[in-house]
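Asks: Next input, structure requested:
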Amino acid sequence: AEAKEGNADKLGRYIRFHLLKCRPPGYECQQSHGQWMLAFHTLESAISFGVIIVQKLEQAPINVKVGIQHGKFTCQGPHKVTGRADYFGPVVNRAARIASSAEFGQVLVGVPDDVKDVFEFPSSEQFQLNYIRCQKFKGMSMNTTLYAASKKNK
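Replies: Numbers count the residues shown, from 1 in each chain. Just a heads-up that it's a prediction; the model follows:
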């Protein structure tokens, strides 16, 4: 998640409050300059969290954008400053690039080309995924297909 300048403290409080409301709770790995790296047990939880945060903060008004990548991290260790779990690997790098390519008010979910044929999209009554584009990110060896997540209309 990333906030526009000046809203980082408000967004931080809001993110921490809503991470605890998730079942199971989400996890704040680190925060730096208005950007957060969060971890969730499932892709569905991450997408639901992103959609809820964007929707709720539109009324604040705090502008936020979210990039989500599902996958296994290469290694984990304590963050140098906070001591919290910090994750490393291509999945983390790709998530950061996905977030950077999102517009404010948008939740983007990336699926790398090497898994798109076997990737199981989460089904949810809370959100829907719509194809946006296929993109090659700097430093990534393969394309990533991007989907926009949004609240389902009932």
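
Asks: Look through the chain and tell me its longest helix.
Replies: With secondary structure taken from DSSP state H, the chain has its longest helix at helix 43-58.

Asks: What residues sit buried inside that one?
Replies: For helix 43-58, a neighbour-count test (16 or more other CB atoms under 10 Å) marks 43-54, 57 as buried. Where C-beta positions appear, they are placed from N, C-alpha and C, glycine not excepted.

Asks: Mind giving me the packing neighbours of it?
Replies: Applying 3 or more CB pairs under 8 Å, 6 or more residues apart in numbering; DSSP states H and E, we find helix 43-58 packed against helix 8-21, strand 64-69, strand 107-112, strand 127-136, strand 143-151.

Asks: Contacts only, for Leu108.
Replies: When contacts are counted by CB atoms under 8 Å, 6 or more residues apart in numbering, Leu108 touches 65-68, 98-99, 101-102, 132, 146-149.

Asks: Could you export those residues as a markdown table, including neighbour count, distance to Phe17 and pLDDT?
Replies: Formatted as a markdown table, the entries for the contacts of Leu108 read as follows, by neighbours: other CB atoms under 10 Å; distance: CB to CB, whole Å; pLDDT from 0 to 100:
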| residue | neighbour count | distance to Phe17 | pLDDT |
| --- | --- | --- | --- |
| Lys65 | 22 | 19 | 88 |
| Val66 | 25 | 16 | 92 |
| Gly67 | 23 | 21 | 91 |
| Ile68 | 23 | 20 | 93 |
| Ile98 | 22 | 24 | 92 |
| Ala99 | 24 | 21 | 91 |
| Ser101 | 18 | 27 | 92 |
| Ala102 | 24 | 22 | 92 |
| Ile132 | 16 | 29 | 95 |
| Leu146 | 22 | 28 | 94 |
| Tyr147 | 19 | 27 | 94 |
| Ala148 | 16 | 25 | 95 |
| Ala149 | 23 | 21 | 94 |
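
Asks: any chance of those in a markdown table, plus distance to Val91?
Replies: Compiled in a markdown table, those are given as follows (distance: CB to CB, whole Å):
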| residue | distance to Val91 |
| --- | --- |
| Lys65 | 18 |
| Val66 | 15 |
| Gly67 | 11 |
| Ile68 | 10 |
| Ile98 | 10 |
| Ala99 | 13 |
| Ser101 | 16 |
| Ala102 | 17 |
| Ile132 | 19 |
| Leu146 | 15 |
| Tyr147 | 16 |
| Ala148 | 20 |
| Ala149 | 18 |
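
Asks: picking up where we left off before, looking at the buried residues of helix 43-58, spot the one nearest Phe17.
Replies: Within those, distances to Phe17 taken as CB to CB reach their minimum at Ile53, with 10.5 Å.
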